[in-house]
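Participant: Dropping a prediction and its sequence here:
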Amino acid sequence: MEQFEEDLVEALKDVVKAGSWQCVGDAAKLKSPCTKFYADDGEHIVLVRTEDGRFWAMDSSCPHEGGPLDQGDIEDLGDGKLALICPWHYFDFSLETGASSSGLQNQVYDVRVVDGKVYINTPNTLSRYPVPVTKTANRDVLSPVEIQSASSENTLSFWATKILCTPDPQEKVVLTKDVQKWWDTGKITEIGECAPPDQPSRIDSLTVVEPGKIKRGKGGTQASRIALLHSLANIEQWAIDLSWDIIARFSSVQLSTGDSMPRQFFSDFVKVAGDEAKHYDLLEQRIKELGSSFGALPVHNGLWQSATETSHDLLARLAIVHMVHEARGLDVHPQTLSRFAAQGDTNSVKILEVIYTDEITHVAAGLRWFTYICSKEERGCLTTFHDLVKLHFKGYLKPPFNTEGRKTAGMTEEVE
């Protein structure tokens, strides 16, 4: 990745990391050896409290055949190494690493105790009780709308809006690739102006549920891998639209200096849109190879919430959507990749590696243009970023850790 202001890059990393801590209760009240927490995407977690008062967390479903680890026993395997034992087939899973002597691997999560509260590092909302799945009605905003163009139809903004109004994902992909080629070869030269829809169109056959109610799967079975790939394909479809939306919505934006955004800004996001279309295509093909299809499972439209929240402010859009959310995708990539690699699904692993490489450049694009605007408008990058994150990123800083400060003061993050 190209060089950016170091403090800004570190701030982005901190927000991604700190935005994923979920408070699950008071340490003093979590006395049971095993407590199950239900995740809003179906990836439930068991919190383990050992006799010395320390906390550990891992997936509550055994990666072998789905046994309830929250009903398992904690045993010492020797040398003080503690493991959670599955009650079904007695597989052991290290509390520290999730590794099993059987060769299986379970997902573990960082746990911290701060000011008497227990926090688990996961992007999913956790609850002591099952989360009901609620289907949402398809809304009119998902349907194709008439394009209102203020300039020639052969402009980048017109085609960006047309893609946003294209419901079929494969047609969206094909059109994205065509427009990228036309822009790169000079067949389209003008940026133009065209009002984008409030929300992109989607095919009627999609089942849309509330954000957070999608069961993505852990990758332990083929059905689970399909569910995870399906969830990723849905994200990539929204990512295509987010790229075209920033082009159309901010095509005529003027900075406080009176300058318009340079042509390279639009070229960068045309490339991002093309990458996202490629990713969707790869994922959809892989889903078909595994015997399913996109749309066979429910989807959510949660990613568009941030787009709506930042539709009035280009800096906010760059900070939240193209920096924080893109970087969070990078952050969870190793965990996702390991789930497929553990099952020997090399074809899916190769696709995820392509996506990861491209997504690094997408974060760089967000950083590049955020820095550009701040420089032009003589704003402090770091303070502006923090202000926008606090205002628009709901998951920011849970909890407000200051790890270095705590160490300096002689404080620890574990229960004494």
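Facilitator: That came in fine, so what should we check first? These figures come from a predicted structure and were not determined experimentally.
Participant: use CA for all of it now, contacts and neighbours both
Facilitator: Fine.
Participant: hey, where'd the strands end up in the protein?
Facilitator: Assigned by DSSP state E, the strands in the chain fall at 21-26, 34-39, 45-49, 55-59, 73-76, 82-85, 92-94, 108-109, 111-114, 117-121, 126-127, 148-149, 194-195.
Participant: Hmm, K172 is touching T166, no?
Facilitator: Yes. Shown here, K172 and T166 form a contact pair, counting by C-alpha atoms under 8 Å, at 5.9 Å.
Participant: Mutual contacts of these two, please.
Facilitator: The overlap between the contact sets of K172 and T166 (C-alpha atoms under 8 Å, 6 or more residues apart in numbering) is empty.
Participant: residue contacts, the residue nearest the centre of the chain?
Facilitator: For the chain, the residue lying nearest the average C-alpha position, counting by C-alpha atoms, centre = their mean, turns out to be G329 (4.3 Å). Under the criterion of C-alpha under 8 Å, 6+ apart, the contact list for G329 is empty.
Participant: and stretch 103-115, how far apart are its ends?
Facilitator: In stretch 103-115, first residue to last residue: 37 Å (C-alpha to C-alpha, to the nearest Å).
Participant: neighbours of the nearest residue to L82 once chain neighbours are set aside, just the number please.
Facilitator: Setting aside the residues directly before and after it, L82 is nearest to D76 in space (C-alpha to C-alpha, 6 or more residues apart in numbering), at 4.5 Å. Other residues near D76 number 11, with proximity taken as other C-alpha atoms under 10 Å.
Participant: Quick check: closest non-adjacent residue to S260.
Facilitator: Nearest-residue entry for S260: Q254, 4.7 Å, with adjacent residues in sequence omitted and distances by C-alpha to C-alpha, 6+ apart.
Participant: what residue ranges in the stretch 1-150 of the chain are flagged as low confidence?
Facilitator: Counting by pLDDT under 70, the ranges of the stretch 1-150 of the chain that qualify are 1-5, 18-19, 40-42, 131-150.
Participant: ok now stretch 83-94, how far from the chain's centre?
Facilitator: The chain centre lies 30 Å from the centre of stretch 83-94; the measure is C-alpha atoms, centre = their mean, to the nearest Å.
Participant: Would you mind measuring from A39 to P63?
Facilitator: Between A39 and P63 the distance, using C-alpha to C-alpha, works out to 17 Å.
Participant: Oops, could you answer that again for I203 instead?
Facilitator: Computed with C-alpha to C-alpha, the distance linking I203 and P63 is 35 Å.
Participant: what do you get for W304?
Facilitator: Spatial separation of W304 from P63 under the definition C-alpha to C-alpha is 32 Å.
Participant: ditto for C374
Facilitator: Relative to P63, C374 is positioned 47 Å away (C-alpha to C-alpha).
Participant: So those two - more neighbours on which side?
Facilitator: In terms of neighbours (other C-alpha under 10 Å), P63 is the more surrounded of C374 and P63; the figures are 20 against 17.
Participant: Check whether that one really touches S102, as I assumed.
Facilitator: No. The pair formed by P63 and S102 falls short of the contact definition of C-alpha under 8 Å, at 11.2 Å.
Participant: Name the nearest residue to I188, ignoring sequence neighbours.
Facilitator: When the adjacent residues along the chain are set aside, I188 lies closest to W182, with 5.5 Å between them (C-alpha to C-alpha, 6+ apart).
Participant: burial measure for that neighbour, as a count.
Facilitator: Applying other C-alpha under 10 Å, we find 14 residues neighbouring W182.
Participant: Model confidence score at it, please.
Facilitator: pLDDT for W182: 97.
Participant: Surely it and T176 touch.
Facilitator: No. With the criterion set as C-alpha under 8 Å, W182 and T176 do not qualify as a contacting pair; they are 9.9 Å apart.
Participant: What does N124 show for phi and psi?
Facilitator: N124 adopts backbone torsions of phi -90, psi 140, taken as degrees, to the nearest 10.
Participant: doesn't A39 make contact with it?
Facilitator: Yes. Between N124 and A39 a contact is recorded at 5.8 Å, counting by C-alpha under 8 Å.
Participant: Which of these two has more residues huddled nearby?
Facilitator: Remark: of N124 and A39, A39 carries more neighbours, 22 against 18, as counted by other C-alpha under 10 Å.
Participant: count of neighbours near the nearest residue to that one once chain neighbours are set aside?
Facilitator: Nearest-residue entry for A39: L126, 4.6 Å, with adjacent residues in sequence omitted and distances by C-alpha to C-alpha, 6+ apart. Counted with other C-alpha under 10 Å, the burial measure for L126 works out to 23 neighbours.
Participant: now do the one 3 residues further on
Facilitator: Other residues within reach of Y129 by the criterion other C-alpha under 10 Å amount to 10.
Participant: Please verify my assumption that it contacts Y38.
Facilitator: Yes. In this structure, Y129 is within contact of Y38 by C-alpha under 8 Å, at 6.1 Å.
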